[in-house]
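Q: Let me see the structure of the following:
(2 chains)
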Amino acid sequence: MKNVDRQIKDITITLPDGAQRTYPSGTSALDVATDISPGLAKVVIAAKIDGELSDLSLPIINDAALELVKKDADEALELIRHDCAHVMAQAVQKLFPGTQVTIGPNIDNGFFYDFARDEPFSSEDIEAIEKQMRTIIQRGDAFVREVWDRDKAIAYFKDKGEAYKAEIIEDLPEGEDIKVYRQGQGDDGWLDLCRGPHMPTTRHVGDGFKLLKVAGAYWRGDSNNAMLTRIYGTAWRDKKELKAYLHQLEEAEKRDHRKLGAEMDLFHFQPEAQGSVFWHPQGFTIYNQMEGYIRRRLNDAGYDEIKTPQLIDNKLWEKSGHWGKYRENMFVVPDEVPQGSDDGTHDGPILSDKAFEKLMALKPMNCPAHVQVFNQGIKSYRDLPIRLAEFGCCHRNEAHGALHGLMRLRQFTQDDAHIFCTEDQITDEAVGFCELLQNVYSDLGFDDVAVALSLRPETRVGDDALWDKAEEGLRKALVKTGLEFREDPGEGAFYGPKIDYQIRDAIGRTWQCGTLQLDFNLPERLDASYIGEDGNKHRPVMLHRAILGSLERFIGVMIENYSGKLPLWLTPTQVVVATITDKADAYATALQEKLVAAGVRADLDIRNEKINYKVREHSHAKVPYIYVVGAREAEEGTVAIRELGGKDQLVKNVDDAIAGLVDDAKAPF
RNA sequence: GCCGCGGUAGCUCAGUGGUAGAGCGCGUCAUUGGUAAUGACGAGGUCGGGAGUUCGAUUCUCCCUCGUGGCACCA
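A: Here you go, the predicted model:
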């Protein structure tokens, strides 16, 4: 056994099954594993000492609980990915001397490493790096942990030209161990500043990894800093797991709402209106169904729907504070008739110098306009709460790089509403909203909702008593609705605490859609008031709230969640009546008309094509039902129903079929 | 906005320093067929825009533009 010379005392090692073993102090986890069985020693990759993941080789000084971590453990992926990042960095520096390393953390499903290099990495470079990584892994160099003196470490990295690493060490708190992990010897040697732990050797990384993409990233995530080159990779226990993950990526790509949107003829984008949607008839059917559904829900929950102007004088935006805080995201329009020209060429300046004297802005939010509606007339405490809803079309001047299909637009429609209430009504209103939101998400097929309560930030408006009341009001509401939630101190907006709702989709991605935000600021700025029981003026509390967030974006999320196979009530074309021969044309036409009359979105396909062709085409278009009719059905007054993806047909008489379909196609509310 | 990659027919993509090709789709004709590809023929492209190099540019270079993957942003 190693380290016997350092033996001072015996320590007790407790294994997960409760068994206790005695070893000399300084024994490593690997020693323990070897002692238990040589076979075990071969498959362990790390240790958990008193619950903390550590290197196998680390000497254990005192009594400890020890868990030996094998490749099938959850923690194994962390280790594999992190080691893989080290191997990648070594490969990069071997192939591209002069490249500086910066940071390389694990992320979901993989890792990245940021490098500072003048030239970007080409796809051939990436292949070469991967090849080099395999060489390093096959060599099976041991990861060796060393603790360095701080100044020595800084000097070492500075001397090597690793300015970023030196900077990282300089920023580490005084007194923290500067740990370095070395892998390989001489020419094939490499080391990196690292918190660890690592697996025993590079060979343990295995072959379940792949480099995925190269991207730019700012040093320390700050756009004022230098742009580094980031290489993303994914790593798994073995090739099989890797393959499964890559397959999953492909599947996710197939669901991309932009791709499905084009295939299903739902909408398009074009350069003349970047970031804004051209809805096609099929897509707008979905949009209208969604809007109608939310409208019914809001109406039922006691909201009043309004519509407010698109273009509003910037004076209002100044008053609301948006001009100061949000201007760079606003589209500003001069309130001036563009200049004509006498000769009809329109060559002259479009606007006069005075154009800037009066500016209008396309609204980026609806709230100031809603306060204007509230402010009309005198409100009594008896009128509260007042809930004003609007399918508000907003324009935001988003950075070009941020635009992404329906998910991030410059013009979008919020299912927005503002509740004006008293401080005492906060909890009831929040409860009401939470319930409404849960019902809506559940109707739309999202049952996994994560809730976060964001509390007061450093800089804020409103006194602490108000914040106390507001935060407590929201907390109480969440407890009352029985929703599980997390609290995020300091994450609230400057104008009030908020609740954010995240839904999880069919492939595990999360989307932040719903929100409930208290606002102490805007009623003050825009002088909203009501007359209280005491006959005096009071400020109402304002709640901003949305369930879908953006109608467009939510439809994008729905398309991806359902892979385009939306619930029947949202599907643009619910059924196609398709004929086998033209002998059934008249019967099919009558059937389709009957369906339409019953409120079903039904198309007719009496083209001169074979039934195979029609079935294939409509299946591709994801039409949920195909009603096939031929001479037989025409004679018997029936229809052969083919469900999307199904192989069998169900023959029903026409009236039963229609009644059943109408029932299935009912909106959930 | 920043870094990288890309833009060739309606769509997906191949290709070349001598003005272009496939599959699907589209049109016409034939086919009257029973549940995911019937056959034949045909139309369709200033190869994203501009400038440069060249006898000649879709191809090479530069600029612009749009898209895209990240980063930053998302009061």
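
Q: Grab the nearest non-local neighbour of the residue of the stretch 451-600 of chain A found nearest RNA strand B.
A: Using CB to the nearest atom of the strand, the single residue of the stretch 451-600 of chain A nearest to RNA strand B is residue A:581, 2.8 Å away. Yep, even glycine has a C-beta here, placed from its N, CA and C like the rest. Sequence neighbours aside, residue A:630 is the residue nearest to residue A:581 in space, at 6.3 Å (criterion: CB to CB, 6 or more residues apart in numbering).

Q: residues near that neighbour, how many?
A: By the criterion of other CB atoms under 10 Å, residue A:630 has 17 neighbours.

Q: For it, give me phi and psi.
A: With angles defined as degrees, to the nearest 10, residue A:630 sits at phi -130, psi -160.

Q: do you know how far it is from residue A:354?
A: Note on residue A:630: its distance to residue A:354, by CB to CB, to the nearest Å, is 73 Å.

Q: re the thing from before, and the residue of the stretch 451-600 of chain A closest to RNA strand B, what's its pLDDT?
A: Among the per-residue scores, residue A:581 shows a pLDDT of 94.

Q: Need the contact partners of stretch A:68-81.
A: A:29, A:32-33, A:40, A:43-48, A:53, A:106, A:110-111, A:197-199, A:204-206, A:208-209, A:235-237 (CB atoms under 8 Å, 6 or more residues apart in numbering).

Q: just the helices in the stretch 401-550 of chain A please.
A: Remark: helices assigned in the stretch 401-550 of chain A by DSSP state H, counting those that start in this stretch are A:426-444, A:464-481, A:522-525.

Q: so which of the ones you listed gets nearest residue A:557?
A: helix A:426-444 (9.2 Å; CB to CB).

Q: So for the closest one, mean pLDDT?
A: Mean predicted confidence for helix A:426-444 is 96.

Q: so how far is it from its chain's centroid?
A: In terms of CA atoms, centre = their mean, to the nearest Å, the centre of helix A:426-444 is set 21 Å apart from its chain centre.

Q: With stretch A:107-115 instead?
A: For stretch A:107-115, the distance to the chain centre is 18 Å (CA atoms, centre = their mean).

Q: repeat for stretch A:137-148
A: 37 Å.

Q: do the same with stretch A:291-302
A: That offset, for stretch A:291-302, works out to 26 Å (CA atoms, centre = their mean).

Q: Contacts made by that stretch with the rest, please.
A: A:305, A:387, A:389, A:391, A:415, A:417, A:432, A:436, A:439-440, A:443, A:547-548, A:551, A:569, A:667-669.

Q: one more time with 6 Å, if that's ok
A: A:387, A:389, A:391, A:415, A:436, A:440, A:667, A:669 (CB atoms under 6 Å, 6 or more residues apart in numbering).

Q: Please name every helix or strand in contact with the helix or strand hosting the second one.
A: What that stands for is residue A:389. Assessed by DSSP states H and E, residue A:389 sits inside strand A:386-395. The helices and strands touching strand A:386-395, judged by 3 or more CB pairs under 6 Å, 6 or more residues apart in numbering; DSSP states H and E, are strand A:411-421.

Q: Relative to the strand it packs on, what are the paired strands and their orientations?
A: strand A:386-395 (antiparallel), strand A:541-550 (antiparallel) (DSSP bridges).

Q: So what touches it?
A: Under CB under 6 Å, 6+ apart, the answer for strand A:411-421 is A:276, A:294, A:303, A:366, A:370, A:374, A:384-393, A:395, A:429, A:540-548, A:550-552.

Q: Return the residues of the stretch 101-250 of chain A in contact with RNA strand B.
A: Residues of the stretch 101-250 of chain A lying near RNA strand B by CB under 7 Å from any atom of the strand: A:120, A:122, A:213-218, A:221-223, A:227, A:229-230.

Q: same thing with the stretch 401-550 of chain A?
A: Checking the stretch 401-550 of chain A against RNA strand B by CB under 7 Å from any atom of the strand, the hits are A:401-405, A:408, A:493-495.

Q: buried sites along stretch A:34-54?
A: Judged by neighbour count (16 or more other CB atoms under 10 Å), stretch A:34-54 contains these buried residues: A:34, A:41, A:44-49, A:53-54.

Q: quick one, what contacts residue A:604?
A: Residues in contact with residue A:604 (CB under 6 Å, 6+ apart) are A:577, A:592.

Q: And it, how far from RNA strand B?
A: 14 Å (CB to the nearest atom of the strand, to the nearest Å).

Q: now do residue A:191
A: Counting by CB to the nearest atom of the strand - residue A:191 and RNA strand B are separated by 26 Å.

Q: That residue: neighbouring residues, count only.
A: 19.

Q: same check, this time on residue A:555
A: 25.

Q: With the one 5 residues further on instead?
A: Around residue A:560 sit 25 other residues, with neighbours defined as other CB under 10 Å.

Q: Need the per-residue pLDDT for it.
A: Predicted confidence (pLDDT) for residue A:560: 94.

Q: okay but it is in contact with residue A:255, surely?
A: Yes - with contact defined as CB atoms under 6 Å, residue A:560 and residue A:255 form a contacting pair (4.6 Å).

Q: most surrounded residue in the residues of the stretch 401-550 of chain A next to RNA strand B?
A: Neighbour tally across these (other CB under 10 Å): the maximum, 22 neighbours, falls on residue A:495.

Q: and that residue, what is it in contact with?
A: Residue A:495 neighbours (CB under 6 Å, 6+ apart): A:461, A:519-521.

Q: Mind picking the one among these that's closest to residue A:482?
A: residue A:519 (25.9 Å).

Q: Not counting residues beside it along the chain, what's closest to the closest one?
A: residue A:542 (4.3 Å).

Q: Take the residues of the stretch 101-250 of chain A next to RNA strand B and write them to a markdown table, including secondary structure.
A: Shown next, in a markdown table, are these (DSSP: H, G, I helix; E, B strand; the rest coil):
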| residue | secondary structure |
| --- | --- |
| A:120 | coil |
| A:122 | coil |
| A:213 | strand |
| A:214 | strand |
| A:215 | strand |
| A:216 | strand |
| A:217 | strand |
| A:218 | strand |
| A:221 | helix |
| A:222 | coil |
| A:223 | coil |
| A:227 | strand |
| A:229 | strand |
| A:230 | strand |
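
Q: Quick check: what element follows the longest helix that chain A contains along the chain?
A: Scanning chain A for the helix with the most residues, using DSSP state H, yields helix A:74-95. The helix or strand immediately downstream of helix A:74-95 is strand A:100-101, counting by DSSP H and E.

Q: Could you look up the next helix or strand downstream of that next one?
A: strand A:106-107.

Q: if we look at that next one, which residues are touching it?
A: A:78, A:81-82.

Q: on that earlier part again, neighbours of the residue of the stretch 451-600 of chain A closest to RNA strand B, how many?
A: Counted by other CB under 10 Å, the residues lying close to residue A:581 total 14.

Q: Look up phi and psi at it.
A: phi -140, psi 170.

Q: Also residue A:201?
A: Dihedral angles (degrees, to the nearest 10) for residue A:201: phi -140, psi 170.
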